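K.L.:
Sequence first, predicted model second:
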Amino acid sequence: MSTMTRTKPEAPAATRNLVEMNWDPITRIVGSLGIYTKIDFKNREVAECYSTSSIFRGYSIFMKGKDPRDAHFITSRICGICGDNHATCAIYAQNMAFGVRPPALGEWIINLGEAAEYMFDHNIYQDNLVGVDFCEQMVKETNPSVWEKAQKTEAPNAALHGYRRISDIMTALNPFTGEFYREALLMSRLTREMFCLMEGRHVHPSTLYPGGVGTVPTIQLFTDYLVRLMKYVEFMKKVVPMHDDLFDFFYEALPGYERVGQRRVLLGCWGSFNNPDVCDYTYERMTEWGNAMYVTPGVVVDGQLVTTDLVKINLGIRILLGSSYYEDWENAETFVQRDPLGNPVDKRHPWNQTTIPKPQKRDFQDKYTWVMSPRWYDERTGDYLALDTGGGPIARFWATALAGKVDIGYIKATGQSVKIYLPKTATKPEVEFEWKIPKWSNAIERDRARTYFQAYAAAAALYFLEKVMAEVHAGRTKTWSEFKVPDEAIGCGFHEAVRGVLSHHVVIRDGKIANYHPYPPTPWNASPRDIYGTPGPYEDAVQNTPIFEENGPDKFKGIDIMRAVRSFDPCLPCGVHMYLGGGKVLEVRHSPVFGPFGK
Amino acid sequence: MAESADEIVVLWITAGLGCDGETIALTGATQPSLEELILGGLPGIPRLVLHNPLLAYEVGEEFLAPFHRAARGEIDRFILVIEGSIPDETNKPEGYWAAFGVDQQTGQPITTCEWIDRLAPKAWAVVAVGTCAAYGGIHAMEGNPTGCMGLADYLGWDWRSRAGIPIVNVPGCPTLPDNLTETLLYLLRQAAGLAPMIPLDDQLRPTWLFEQTAHEGCNRGGYYEQAEFGEEYGSPKCIVKLGCWGPVVQCNVGRRSWLGGVGGCANVGGICIGCTMPSFPDKFMPFMNQPPGSLLSSHAVATYGRAVHALRRFTQASLNKEPSWRQKKPVQAAGSDSRNR
């Protein structure tokens, strides 16, 4: 087995002059996260990083024995910003378990809803939360010399976005007083209206059901969506070049900034937007319909596309222990011995997971968190890969670009890039954007991909609207297919939550939920060192991040660490719901606090 | 901190057992919008100084500073907003279900319950946003391990703030965005001495938002009256037989829609699952079954509804015909036109 994904044993802290710094709670993310670090100010580098979370709810416990048709209503409540992604993924899993295929129109309506969610969520996160890390006030307080330079630097794309200098962009990003900050907030409402047109209510949808949707497909409904979409398309023609200018400036102003948040290219994408012409939700044909998705699923290792096959992706998922407070479930029940194709299903796969919590003292040499370690087994090398999602978009683009399968007029995957065509809007001409595979998987490129994916989602929605109108004009207005809940069944759903990979695995017995395990992006990204010693992505990306902030320890804001962490778009409600399982939870501890507080 | 008379501090804790959905709803509101409240855009209304983890500029201890100041009694007048249900921290030997920040002296997390104990007695008003904070909600579902409950279950239903204001519940999963900001606006108006005590019902809901049922405001109510019931999802008719609880659920979504006049539940094809109600979710599950009570009522309305519908169609057909004189007259032979006589 390769050791490439493992860290070397760290030098004893005493040999370096390390200062402990913590930020708890981390703000401008969804949920409760604390970051605890040891910083080497002399060498301007983060030496150690641990992340904590502090909320426990218990979904898998209270879902047992419930009606499987309730799964999407319940799991939506896991997350208050992307709950609909959970609802959608739950429906995909239910469709498989119930053996039901929604009418094409129902599928297109879900695609339009989910596209609006990406447009909304990436927009508000990027411009109202992450953007503050790049605003005038923050840059002045952390890197005065960068602010000086920004005032003297012309924005190369000023003609496209209207901000003459880089400093003007930064000023526009100031919270609430910034012009672009407020414009983004307004736009986030317009996109939520688009979402509500398709899925009823934001963020927990009312119109989604196994078998399709309850949305009434009138001409007016899609007109209302279209006019809002075109306003967003026009907005994108400004936003993409503006963010390019801002991000490129950081590379230029702070040489070496590419190392902030950088880690090995280990990306996972579980695919998004089903194609109703191909997708019948049978496990047996999942490889085929997975490859027809409008965001291609894939695992990318060191720039190589390992697979786009959802069956392989599914069978490769492993939930490892190691640094987390659980007992192994080796002796617990194996719910699924073989998948419907006859392939063996691992004991450590979510279908077979039984969570046995074992509360204990925190020990950074041993167990220190409640988060388990999802990994993907690479059968080529025998590695258990700590894949990250990079906050979603960078992994989606990388997999889609390399696969070269998506070609729908508005979007074309070329093998090395993804081209996005946006048509003429009221005041701006047509535009072509091209996301190119970057040199690094780092904070800036995760953020840049987030902007480009907003344009991707808009372009995809234009295509879905064409398909939807074809259905309506042809009089095919059925949106839902009837089904019966079987006594015994299994199902799995694969989707992209806004922040990255999302899977739901369900086992049904006696017509009730016997086992249910959702795996959203944050456990992948926020996982601790696993049983093989491989660190989780946050830890990995923040450790060895260089410090560019000009403040010393006394006024240190940790801005470079914040940019690294926020580039992953942490969403802790998604990360923490699964510190639970079949066993009775006796105790839950706040995970890791160390240093002066430790022992 | 001596706040100015024309501003009010809001300390917003998202660290109940929730999903942050209420804070996201806050950013979606338009009537009024968050920025109107924060920038002081409404006449006579004190400016809202918001400390909320999703939107804060500050991080960590710097962000927590006003919470500590308020706990020490250094903020004269603040509104405490709680999001997420309140766990029972006593149902286990040790550890935490929900915490918010860390005690820098001991290194131990500060539980959400500790924060409520410290801040509620000093708050001018306390608001529980979302059904989780109000009544327990989804995380208090039967079989849950945390023993969680609503804020009024935790503080007591008769609890009053030092200004004599009961807990204000704004339920919904999540809450309607405008219900949330409008309730805050009412409290700001009351704080400025421009409004009397906020009117609340026995479940501590603002009466003007929750006195009617979803059905009373539903744009499909007419179908119910005529006994036209959808048999499958996607139907524009009344969907009570598909699991909609609208006739008995107190919620204004039918009138207000979800956001910017768009979306909602039964009015756009989604069954009402009762998410604003104190008994949510348990008494509404399985959600996709017809509510037992509606079996009788939908049957009872059938005879009347069908008869009325038939009569209306008859009238409607007549009304769809223009009066007979609105037509081009046939060309007639010269001298035969009556008008020329």
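P.N.:
Looks like it came in fine.
K.L.:
and the residue of chain B nearest chain A?
P.N.:
B:Gly107 (1.9 Å; C-beta to the nearest C-beta). Every C-beta, even on glycine, is put in place using the N, C-alpha and C of the backbone.
K.L.:
what's the neighbour count on that residue?
P.N.:
For B:Gly107, the tally of surrounding residues (other C-beta atoms under 10 Å in any protein chain shown) stands at 17.
K.L.:
Next: the one 3 residues further on.
P.N.:
Residues contacting B:Ile110 under the criterion other C-beta under 10 Å number 24.
K.L.:
now swap in A:Thr414 and tell me
P.N.:
With other C-beta under 10 Å as criterion, A:Thr414 counts 14.
K.L.:
same deal with A:Ser188?
P.N.:
21.
K.L.:
swap in the one 4 residues further on?
P.N.:
Neighbour count for A:Arg192, taken as other C-beta under 10 Å: 31.
K.L.:
A:Gln220 too?
P.N.:
That count, for A:Gln220 with other C-beta under 10 Å as the rule, works out to 10.
K.L.:
Any part of whichever helix or strand it is part of near chain B?
P.N.:
Under the criterion DSSP states H and E, the helix or strand holding A:Gln220 is helix A:219-253. Yes. Counting by C-beta under 8 Å from any C-beta of the partner chain, chain B has neighbours in helix A:219-253: A:Asp224.
K.L.:
can you give me phi and psi for residue 47?
P.N.:
You didn't pick a chain, so chain A it is. Main-chain dihedrals, A:Ala47, degrees, to the nearest 10: phi -90, psi -40.
K.L.:
my bad, the chain I had in mind was chain B
P.N.:
According to degrees, to the nearest 10, B:Arg47 has phi -70, psi 140.
K.L.:
thinking it is in contact with B:Val9, fair?
P.N.:
No. Checked against C-beta atoms under 8 Å, the pair B:Arg47 and B:Val9 is beyond contact range at 10.1 Å.
K.L.:
More neighbours: which of those two?
P.N.:
Shown here are B:Arg47 and B:Val9; by other C-beta under 10 Å, B:Val9 has more neighbours (21 against 17).
K.L.:
any idea of the mean pLDDT for stretch A:172-191?
P.N.:
Taken as a whole, stretch A:172-191 has a mean pLDDT of 97.
K.L.:
Ok, stretch A:339-352 next?
P.N.:
97.
K.L.:
residue ranges with poor pLDDT in the stretch 1-150 of chain A?
P.N.:
Along the stretch 1-150 of chain A, the parts satisfying pLDDT under 70 run over A:1-15, A:53-55.
K.L.:
where do the helices sit along it?
P.N.:
Taking DSSP state H, counting those that start in this stretch as the test, the helices found in the stretch 1-150 of chain A are A:59-63, A:71-76, A:83-98, A:104-124, A:136-142, A:144-152.
K.L.:
With chain B instead?
P.N.:
Along chain B, the segments classed as helices by DSSP state H run B:21-28, B:34-38, B:60-71, B:112-119, B:130-135, B:151-155, B:177-191, B:207-210, B:221-225, B:253-256, B:292-319.
K.L.:
Turn the ones you listed into a markdown table, columns for mean pLDDT.
P.N.:
Below are the helices of chain B laid out as a markdown table (pLDDT from 0 to 100):
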| stretch | mean pLDDT |
| --- | --- |
| helix B:21-28 | 97 |
| helix B:34-38 | 96 |
| helix B:60-71 | 96 |
| helix B:112-119 | 97 |
| helix B:130-135 | 98 |
| helix B:151-155 | 98 |
| helix B:177-191 | 98 |
| helix B:207-210 | 98 |
| helix B:221-225 | 95 |
| helix B:253-256 | 95 |
| helix B:292-319 | 93 |
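K.L.:
now the ones you listed in JSON lines, with mean neighbour count and distance to chain A?
P.N.:
Below are the helices of chain B laid out as JSON lines (neighbours: other C-beta atoms under 10 Å in any protein chain shown; distance: least, C-beta to the nearest C-beta, whole Å):
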{"stretch": "helix B:21-28", "mean neighbour count": "27", "distance to chain A": "3"}
{"stretch": "helix B:34-38", "mean neighbour count": "20", "distance to chain A": "6"}
{"stretch": "helix B:60-71", "mean neighbour count": "18", "distance to chain A": "3"}
{"stretch": "helix B:112-119", "mean neighbour count": "20", "distance to chain A": "8"}
{"stretch": "helix B:130-135", "mean neighbour count": "31", "distance to chain A": "8"}
{"stretch": "helix B:151-155", "mean neighbour count": "23", "distance to chain A": "16"}
{"stretch": "helix B:177-191", "mean neighbour count": "22", "distance to chain A": "9"}
{"stretch": "helix B:207-210", "mean neighbour count": "18", "distance to chain A": "16"}
{"stretch": "helix B:221-225", "mean neighbour count": "18", "distance to chain A": "12"}
{"stretch": "helix B:253-256", "mean neighbour count": "21", "distance to chain A": "8"}
{"stretch": "helix B:292-319", "mean neighbour count": "12", "distance to chain A": "15"}
